[in-house]
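Peer 1: Dropping a prediction and its sequence here:
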Amino acid sequence: MFTGVVERTGTLDHRTLEGKAGRIRIAVAPWEPPVQLGESIAVEGVCLTVAAIEQDSLAFDVLEETFRRTTLGDK
């Protein structure tokens, strides 16, 4: 159960699913201090690990099972 404080919000920018895994990209404003690769961030209540950082977005690798069992596959 997530009990943390919401620090930022973002917008789903892109979602792909290829085979048994996919990737989502969330458009976000810059964070201070900056987000680091490997950090854990809650997205739609799902704890995900930052896989890539771009200037205005964060990317997360997501398994097919996670897409099926959460709202991440609904968007």
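Peer 2: Good, I have the coordinates.

Peer 1: which residues in this protein form strands?
Peer 2: Per DSSP state E, the chain carries strands over the ranges 11-18, 21-27, 40-43, 46-54, 57-63.

Peer 1: In stretch 53-72, which residues are buried?
Peer 2: Neighbour counts over stretch 53-72 (16 or more other C-beta atoms under 10 Å) mark 53, 57-60, 62, 66-67, 72 as buried. Yep, even glycine has a C-beta here, placed from its N, CA and C like the rest.

Peer 1: And stretch 36-51, by the same measure?
Peer 2: Buried, per 16+ other C-beta under 10 Å, within stretch 36-51: 41, 43, 46, 48, 50.

Peer 1: Is the fourth one bridged to anything, and to what?
Peer 2: According to DSSP bridges, I41 are recorded as the beta-bridge partners of L48.

Peer 1: of all the buried residues of stretch 53-72, which two lie farthest apart?
Peer 2: I53 and F67 (21.8 Å; C-beta to C-beta).
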